[in-house]
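Asker: Give me a 3D structure for the following:
(chains A, B, C, D and E, ligands or ions: 2)
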Amino acid sequence: ALLFIISGVTLSSSHQSETWDPEAKAEYPRSNKLLIRQALLGPDAKPDELNVVQVETMCLQESIKIPVAILKVGETRQARLDIEFPDAPVTFTLIQGSGPVHLIGQHLLGALVEEFEDMEE
Amino acid sequence: ALLFIISGVTLSSSHQSETWDPEAKAEYPRSNKLLIRQALLGPDAKPDELNVVQVETMCLQESIKIPVAILKVGETRQARLDIEFPDAPVTFTLIQGSGPVHLIGQHLLGALVEEFEDMEE
Amino acid sequence: ALLFIISGVTLSSSHQSETWDPEAKAEYPRSNKLLIRQALLGPDAKPDELNVVQVETMCLQESIKIPVAILKVGETRQARLDIEFPDAPVTFTLIQGSGPVHLIGQHLLGALVEEFEDMEE
Amino acid sequence: ALLFIISGVTLSSSHQSETWDPEAKAEYPRSNKLLIRQALLGPDAKPDELNVVQVETMCLQESIKIPVAILKVGETRQARLDIEFPDAPVTFTLIQGSGPVHLIGQHLLGALVEEFEDMEE
Amino acid sequence: ALLFIISGVTLSSSHQSETWDPEAKAEYPRSNKLLIRQALLGPDAKPDELNVVQVETMCLQESIKIPVAILKVGETRQARLDIEFPDAPVTFTLIQGSGPVHLIGQHLLGALVEEFEDMEE
Ligand SMILES: [Mg+2]
Ligand SMILES: [Mg+2]
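Answerer: Ligands and ions are numbered 1, 2, ... in the order given. Predicted coordinates for the structure are as follows:
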């Protein structure tokens, strides 16, 4: 049995970075998976500006730091991502542009899930 | 065993908001999940106007209010979303533009599903 | 055990509407689900013309009539839909434009599926 | 237990058509499913030329012949399809344009799968 | 039980090729599957340059070499792929353009998975 939680993050020049880390909160003592559904550039974004969201996480002792979304007014305002992250913490940073970029995703929390088990199955 | 129901919503300047809340109706006393498949801008939409659909819902006592679709004539008239919402009520609002924006989605109703169980599994 | 059948429909000014209704045929006395994979505008479509496909179906005594694809030469010639319909009949109509619009989809036929059961599971 | 095999096909003016028919080979005496993931127009494709890939197959004694991809330099060079074909043979033909169009897909081969069973389940 | 690992690769003119081959490392003695989620062109990519990523792998003694992503500034900066590779090694090469192209994907490692079994099931 899995519990899924919808969640949203908005990155902008005044809030460039946010870390998803449910395990750091007492209410979520269980295994996690984060699934980022899409990134969307807000209607007030500046024209002629590239907006780039980078993700940073650890996986099996290897650090990953890679851009996952690149958005621009008049070109691409909305991108489906469907990228999964098996372990918290995961940090999203707006490394270029002033946004706002809205990320929508969902957590999967499994009370009975053992470590390393694929929660997708 | 799950039952799924296809449903559609059209938002416009004369009908800017609609709330999905099957649990408020007597016929649906069971757990729910809403899956929004796509948003589509109607052929009579105004040019040079951004249309933005915002979703508002609660999840584990946290309120979420985030744009999920941004559509414009000549640029993007149709967007696949595939965003799931675990709990009703979910409110969709056309916060910018006059539409019409057509949302198509499906409810999953599970007679035997316990609270918090992932109906997708 | 499910059987799936690939199928295609082409809508144009000379064939504006088609109804999917396998239960009306003696060979398919079982439960059904229709999954529309994509819509594609043929290479001979007229420029400067919007092509709009509308779907009409019934679901739990509620009628749904909503556009599902909007295509235009030079802008969007191909759209992934992945929209499911739990019950036949489902009618697709080219409500604007002269097409041709090619729809490709698949039926899922379940010999053992009980009414209201989610065939996706 | 299923076996899946990645495979690629390139269609061009000198090789306009290719048939997928693993059952015709002695090494694959089992049931099959073909899943076409995407079509991609090669970097040397001619500008101002539409490239159209048509699929032709049989399903329950009905013949299907329908375009599945339409690609053009400067407009759409890459399209996700995710279209499944339950039965071989399936023939892909470049009915317009000179390509090259690269199709990437995968076969699912099920040793224990009974006829008509949905291998995705 | 499956373990999934998120991973990223960046290809550019100074690092044109990378091979995914977890079986060559002692820490991963198990069966594998690679799922490439998306390709994204970095914000500093050159305008007017096509960037093409080719994949090369073996499958059942057949060699496959096919382009999987084609990206260009101002046209397509980000493409969802969702292409699976059943067997390592898989080599990604930037055969045209100077990038950078960021690939994001995930490995599925199954301790109990038998050879040829579809890990997706
Ligand atoms: Mg779920
Ligand atoms: Mg299937």
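Asker: and the gap between the residue positioned nearest the centre of chain A and chain D?
Answerer: Centroid check for chain A by CA atoms, centre = their mean gives A:Ile36 as the closest residue, at 5.0 Å. Noted for A:Ile36: a distance of 18 Å to chain D, by CB to the nearest CB, to the nearest Å. C-beta coordinates here come from the backbone N, C-alpha and C atoms, glycine included.
Asker: quick one: secondary structure of the spatially closest residue to A:Ala69 that is not a sequence neighbour?
Answerer: Leaving out its chain neighbours, the residue that sits closest to A:Ala69 by CB to CB, 6 or more residues apart in numbering or on different chains is A:Ala39, at 3.8 Å. When classified by DSSP: H, G, I helix; E, B strand; the rest coil, A:Ala39 comes out as strand.
Asker: do A:Asp48 as well
Answerer: Of the three states, A:Asp48 takes coil according to three-state DSSP.
Asker: just checking, it touches A:Gly97?
Answerer: No - counting by CB atoms under 8 Å, A:Asp48 stays clear of A:Gly97, with 10.3 Å between them.
Asker: Between these two, which has more neighbouring residues?
Answerer: Between A:Asp48 and A:Gly97, counted using other CB atoms under 10 Å in any protein chain shown, A:Gly97 has the larger neighbour count: 24 against 7.
Asker: so what pLDDT did the residue nearest to the more buried one when sequence neighbours are not counted get?
Answerer: Spatial nearest neighbour of A:Gly97, chain neighbours left out: A:Asn51 (3.3 Å); criterion: CB to CB, 6+ apart. On pLDDT, A:Asn51 comes in at 98.
Asker: for A:Ile6, same thing?
Answerer: 79.
Asker: same deal with A:Glu62?
Answerer: 80.
Asker: which residues pair with it across the strands?
Answerer: A:Cys59 (DSSP bridges).
Asker: Burial check on it, number of neighbours?
Answerer: Around A:Glu62 there are 11 residues (other CB under 10 Å).
Asker: Could you do A:Asp44 as well?
Answerer: A:Asp44, neighbours per other CB under 10 Å, totals 13.
Asker: With A:Pro89 instead?
Answerer: Considering only other CB under 10 Å, A:Pro89 is surrounded by 16 other residues.
Asker: can I assume it is in contact with A:Asp21?
Answerer: Yes - proximity of A:Pro89 to A:Asp21 meets the contact threshold set by CB under 8 Å, at 3.8 Å.
Asker: residues contacting A:Thr19?
Answerer: Going by CB atoms under 8 Å, 6 or more residues apart in numbering or on different chains, A:Thr19 touches A:89-92.
Asker: Quick check: chain neighbours aside, which residue is closest to the residue of chain A found nearest chain D?
Answerer: At 10.2 Å from chain D, A:Arg80 is the closest residue in chain A, using CB to the nearest CB. Nearest residue to A:Arg80, sequence neighbours excluded (CB to CB, 6+ apart): A:Gln38, at 5.0 Å.
Asker: For the one you found, give the beta-bridge partners.
Answerer: Going by DSSP bridges, A:Gln38 forms beta bridges with A:Arg80, A:Ile104.
Asker: quick check, the helix or strand of chain A with the lowest mean pLDDT touching chain E?
Answerer: The helix or strand of chain A with the poorest confidence is strand A:2-11; it has a mean of 79 (mean pLDDT, DSSP states H and E). No - judged by CB under 8 Å from any CB of the partner chain, strand A:2-11 and chain E are separated, with a smallest distance of 14.9 Å.
Asker: where are the low-confidence patches of chain A?
Answerer: Along chain A, segments meeting pLDDT under 70 span A:1-4, A:23-32, A:109-121.
Asker: Kindly report the residues of it close to chain C.
Answerer: Residues of chain A lying near chain C (CB under 8 Å from any CB): none found.
Asker: quick one: the residue of chain A found nearest chain C from D:Asp21, how far?
Answerer: Distances from chain A to chain C, computed as CB to the nearest CB, single out A:Arg80 as the nearest residue at 10.2 Å. Look at A:Arg80 and D:Asp21: by CB to CB, to the nearest Å, they are 34 Å apart.
Asker: Show me which of those two is the more surrounded one.
Answerer: The neighbour count for A:Arg80 versus D:Asp21, taken as other CB under 10 Å, is higher for A:Arg80 (19 against 14).
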